[in-house]
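Engineer: Here is a sequence together with a model predicted from it:
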Amino acid sequence: MHKPKTLGVPSSLNDAPDSARSTGPHHPLLTQIVNGVRSSKGIVMGMVMVITTVITIVSGIWVDKEAIVMSDGSTSKTNKKPSQEFLRSSLHLRSSLHDESSANGNGSSGSTGERFSGGKVRTYRGSLFQFQGVASHHQHQQSIFGRPDLTPSDCVQWAVVTTINEPNESIFGVARLKNWCLVIVGDTITPLAKYKEMANEDGVYYLSALYQEKHLASNPFVSKMPFKSFARKNIGYLFAVTYGAKVIYDFDDDNILKPLEDNISVPPPFLYREDVGFDKTALLRFVEPGSREQSSDIAAFNPYEFMGASHEYSWPRGFPIDSLQTTFETWGQTHTTVGDIKYSSIGVIQSLCDGDPDNDAVFRMTRPDSTKFTFNRTATSLPLLIPFKKYTPYNAQATTHLYSSFWGLYLPISVPGRVTDIWRSYITQRIMKDIGLHVVYTPPIVKHERSAHDYLADFEAEHNLYDKTTALLKFLDSWSSAAKTLPEKIIDLWIALYEHDYIGLSDVEAIEEWIKFLLSIGYEFPMPPGQLGVQEASAQVQPSVEGQPYRSSPMVEKNNGRTSKVLKIIMMTMDEWPLMKSWVLYHGYLVGFDNLYILDGSSKPECTAFLRFARDLLGANVIFTKTNLNQLASVMTSIARDIAGASDYIIKMDTDEFLVVYNETTNTLTTSISDFLVGGLTLDGDSRVGYIQHSMPSKDVCRKDIYSTPEKFPLGEIQFIGNGWFKAVYDSKLPFGSERTITLGGHAFKVEDGRWTNFGVVHYHFRCIEIEVENCKRVLLSHGYILPSDSDNDAMTKLAGLFECSTTDACNSCDMDKGEGVASRHKAFFYLQWLACREKTAAAYYPSNSEQHHNAAMLATMQVTHELFDL
């Protein structure tokens, strides 16, 4: 029995599974042409030649008549030539491309076909949609889905997929996401039993074809959605919006969510919090104003060269193919800066994908290793903001749509599946430009393990993309509407697209029912009636360290509607796992993740993975750096200088220091930091943390796990330290510079006597002696006091020299006070003692018969933060 074959594609160029690869003879002309287009200079002409050859092959010179694998995963027999419409469209494409031989005077100057003009070819005769008078029947529309037990508050983060295949890791992975719901839209051949079983899980809903026919077919919108169509996904979008979605992840059944650096943690596509909404900002890169990408006459923007694509001269499906040569001429000459933008100004977030990404058939048939594609996904990689005046295609395979763009989720039904999501993306972007919404591309969060495709079938299905995209973008750029409301404006655009032959009449009729459905379930369109045509909300340039931005914009902090003082915390960390996770979640919850500034030098993958999650989804400011401790003080001082204007106080903390507030009435340390900040603590110069409570090492805890989380360790007595040098509270009004710096420990060496605050620190420094030794050695290596290659004796000799003592009796003869001026001297001294007399040091480390306490407020806060934010 023969395997299904991919027609006319040399197997050396097709790394798809065997079922999608040709097993027959290679076509010699195609092989010769493909070998000639490996350079960027000739790539467009090469593609012309390939396409022409493909047409010739498909026209009957060489046709494989075995079963082929279709783009939806099904198989089909073919014994006939492609349609004449396909051939004509392909020839139109050829004529639209630049002919190098003609340009050089070496060939015929005549055209071999006609280019799609995009002119008006018909007039819409239907009735025009009126915004006024569309009644709200929210409860009625909910009932069409038959889920009275599901209320809008149950789930605000939704994922939508349609499939004809059995459940796989792509679908299972999304179903496992914490605090997410999944709706699966079935089709006529979707295996019912498998999905009925999945639907028993919390948060998973399966809309079978039988269910749709029985319960939904009478709905005016649903009745227009054809079976055996990718566009049935539209029903899933409306299901999610009906039941309270604020965010919708639109994905395909062959895109598997990728774990982070630890190869375990799988972050969600987005993290929506009701208390923050879309007011938080995203750290990203954006194209510099005035750069060639911004000023180019080409309407389309190719993000691949900005995202570290492994294949040079590549492009996403839907990018206008006749613009490629122009973009390739300056490939790699990118000009970006870093900053942030509010999520309220973002409509759609497109994730790239590794493996076999969403490229078109021309790319796959002309490029070797097209299925071994990667993008930059290092810890320092950032999302890219698409220039506001440009158009970039985005797909329905791994995109996150925020509430303000839900109206643009509709997938057209009158074009092929390889075109529908691209047309949607361009049409939606045109309206987004009128209401100030942007598109963002992110590093890959998925790996695309593509279902077997027949690339020639894809090529035929994509012919609108090759033939009409450039005309479409010109049309969109010049289009305008006098509509007074956003729903009317959207429908005006779809009517115009029908009249200019980009879509069919069925889409005009469907989009009107789509809008009516959204209005009837109470969806709030992003702009009130009469307020269209807003200005672009541009990204803000922010300061950076090693190309990584952090937020410095002025802001007014709100706590439950109350104006609050702003506290910002700077923290440096290195490989302190899992303590670091507890620290970030605890302080992010209490003072706001965007008020955390974390400098990380970790090599442990779990640390890097979590901090990426904290930066990209929780909103913390994270800077990955290998700067050694001797230079970090100046980096922290520079950050403090930049963020001072957006804060009232700054505190530098270590990973084992947890901020609390001293309650004078109860004589306890509490987590009521927000109340304390609202109360209006006023500084007139730098001050101090006033109180401290140390953790107590516990042999019992350490026997179970030396890496136990901090809440498991008991605490000692609360101590007043307001007159000491332990921790400074910096007054942001005063300038930072050479005379006023952030020290490594954030110490209050220069604070005037008698100045302290009711801020306190629970110091989880003492836990397990093995952790203490690890931390000390790590710090000493960073300072350069010792080397990784040093033996214990070598290290002991070097450290004894810091304290001017002998290694002969280092346990008794060395004095820490002799190391005044040595950075991190307490760590250097402890490690020296450990090397010199381990048993004595270990015995002294663990206390006996000391009174021990636990801070109930801290324990409760840590539990809440892990429930809310931990993956």
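Structural biologist: Sure, I can see it.
Engineer: where does residue 806 fall, phi/psi-wise?
Structural biologist: The phi and psi torsions at residue 806 (degrees, to the nearest 10) take the values phi -90, psi 150.
Engineer: what's the burial count for it?
Structural biologist: Using other C-beta atoms under 10 Å, residue 806 has 12 neighbouring residues. The C-beta positions use only the backbone N, C-alpha and C, and glycine is treated the same way.
Engineer: pLDDT score assigned to it?
Structural biologist: At residue 806, the predicted lDDT confidence score is 91.
Engineer: what about the residue nearest to it when sequence neighbours are not counted, distance to residue 498?
Structural biologist: In space, residue 806 comes closest to residue 813 once its chain neighbours are excluded; the distance is 5.8 Å by C-beta to C-beta, 6 or more residues apart in numbering. Shown here: residue 813 relative to residue 498, a distance of 91 Å by C-beta to C-beta, to the nearest Å.
Engineer: So for the two, which sits in the more crowded spot?
Structural biologist: Neighbours per residue (other C-beta under 10 Å) separate residue 813 from residue 498, with residue 498 holding more: 23 against 14.
Engineer: Grab the nearest non-local neighbour of residue 601.
Structural biologist: Per C-beta to C-beta, 6+ apart, closest to residue 601 is residue 574, 4.4 Å.
Engineer: Counting neighbours, what do you get for the one you found?
Structural biologist: 20.
Engineer: With the one 4 residues further on instead?
Structural biologist: Applying the criterion other C-beta under 10 Å, we find 15 residues in the vicinity of residue 578.
Engineer: Assess the claim that it and residue 705 are in contact.
Structural biologist: No. Using C-beta atoms under 8 Å, residue 578 is not in contact with residue 705; the gap is 9.9 Å.
Engineer: What segments of the stretch 501-650 of the chain are strands?
Structural biologist: 540-541, 544-545, 548-549, 557-559, 562-564, 567-573, 596-600, 621-624, 649-654 (DSSP state E, counting those that start in this stretch).
Engineer: helices or strands up against the last one?
Structural biologist: Contacts defined by 3 or more C-beta pairs under 8 Å, 6 or more residues apart in numbering; DSSP states H and E place strand 649-654 against strand 567-573, helix 629-643, strand 728-731.
Engineer: Which helix or strand contains the residue lying closest to residue 502 once chain neighbours are set aside?
Structural biologist: Leaving aside its sequence neighbours, residue 502 sits nearest to residue 472 (C-beta to C-beta, 6+ apart; 5.8 Å). Here residue 472 sits within helix 463-478, counting by DSSP states H and E.
Engineer: who touches that helix?
Structural biologist: With contacts defined as C-beta atoms under 8 Å, 6 or more residues apart in numbering, helix 463-478 is touched by 51, 86, 89-90, 92-93, 96, 115-118, 299-300, 317-323, 360, 362, 391, 415-416, 418-419, 422-423, 426-427, 429-430, 496-497, 500, 502.
Engineer: In ChimeraX, select just the buried ones from those residues.
Structural biologist: Only the buried entries of the contacts of helix 463-478 go into this ChimeraX selection, using 16 or more other C-beta atoms under 10 Å:
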select :51,86,89,90,92,93,96,115,116,118,299,300,317,318,319,320,321,322,323,360,362,391,415,416,418,419,422,423,426,427,429,430,496,497,500,502
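Engineer: low-confidence ranges in the stretch 651-800 of the chain?
Structural biologist: Within the stretch 651-800 of the chain, the set of residues satisfying pLDDT under 70 comprises 680.
Engineer: Now do the helices in it.
Structural biologist: 673-678, 699-704, 769-783, 792-802 (DSSP state H, counting those that start in this stretch).
Engineer: Would you agree residue 241 is in contact with residue 405?
Structural biologist: No. The pair residue 241 / residue 405 is not scored as a contact, 11.5 Å apart, by C-beta under 8 Å.
Engineer: Tell me, how many residues neighbour residue 825?
Structural biologist: Neighbour tally, residue 825, other C-beta under 10 Å: 16.
Engineer: Check the closest residue to residue 335 other than its chain neighbours and give its pLDDT.
Structural biologist: In this structure, residue 335 finds its nearest non-sequential neighbour in residue 291, 4.1 Å apart by C-beta to C-beta, 6+ apart. If you check residue 291, the pLDDT there is 71.
Engineer: next one: the one 3 residues further on
Structural biologist: Model confidence at residue 294, given as pLDDT, is 65.
Engineer: could you pull out the strands for the stretch 101-250 of the chain?
Structural biologist: 157-163, 181-186, 204-207, 247-251.
Engineer: Can I get the ones you listed in CSV including distance to residue 633, mean pLDDT and mean neighbour count?
Structural biologist: Below are the strands of the stretch 101-250 of the chain laid out as CSV (distance: least, C-beta to C-beta, whole Å; pLDDT from 0 to 100; neighbours: other C-beta atoms under 10 Å):
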stretch, distance to residue 633, mean pLDDT, mean neighbour count
strand 157-163, 41, 97, 25
strand 181-186, 47, 96, 25
strand 204-207, 51, 94, 22
strand 247-251, 40, 98, 26
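Engineer: Distance to residue 696 added to these, as a markdown table?
Structural biologist: Output for the strands of the stretch 101-250 of the chain, formatted as a markdown table (distance: least, C-beta to C-beta, whole Å):
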| stretch | distance to residue 696 |
| --- | --- |
| strand 157-163 | 41 |
| strand 181-186 | 44 |
| strand 204-207 | 45 |
| strand 247-251 | 43 |
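Engineer: Residue 844 is nearest to which of those strands?
Structural biologist: strand 157-163 (50.9 Å; C-beta to C-beta).
Engineer: Between strand 247-251 and that closest one, find me the angle.
Structural biologist: Our comparison of strand 157-163 with strand 247-251, counting by axes from the mean of the first three to the mean of the last three C-alpha atoms, to 10 degrees, yields an angle of 20 degrees.
Engineer: Partner strands of strand 157-163, with direction?
Structural biologist: Take DSSP bridges as the rule and strand 157-163 pairs in its sheet with strand 181-186 (parallel), strand 247-251 (parallel).
Engineer: That strand: how far from the chain's middle?
Structural biologist: 17 Å (C-alpha atoms, centre = their mean, to the nearest Å).
Engineer: Can you tell me what sits against that strand?
Structural biologist: Contacts for strand 157-163 (C-beta under 8 Å, 6+ apart): 170-171, 174, 177, 179-187, 190, 230, 232-233, 236-237, 239-240, 243, 245-253, 268-272.
Engineer: Any figure for the gap between the residue nearest to residue 335 and residue 503?
Structural biologist: 34 Å.
Engineer: So for those two, which sits in the more crowded spot?
Structural biologist: residue 503 (25 against 15).
Engineer: didn't that one look like it was pressed against residue 494?
Structural biologist: Yes. Using C-beta under 8 Å, residue 503 makes contact with residue 494 at a distance of 6.9 Å.
Engineer: rewinding a little: ok, the residue nearest to residue 502 - how many residues close by?
Structural biologist: For residue 472, the neighbour count with other C-beta under 10 Å is 26.
Engineer: now swap in residue 679 and tell me
Structural biologist: 14.
Engineer: Please report the distance of the residue nearest to residue 335 from residue 252.
Structural biologist: Residue 291 sits 33 Å away from residue 252, taking C-beta to C-beta as the criterion.
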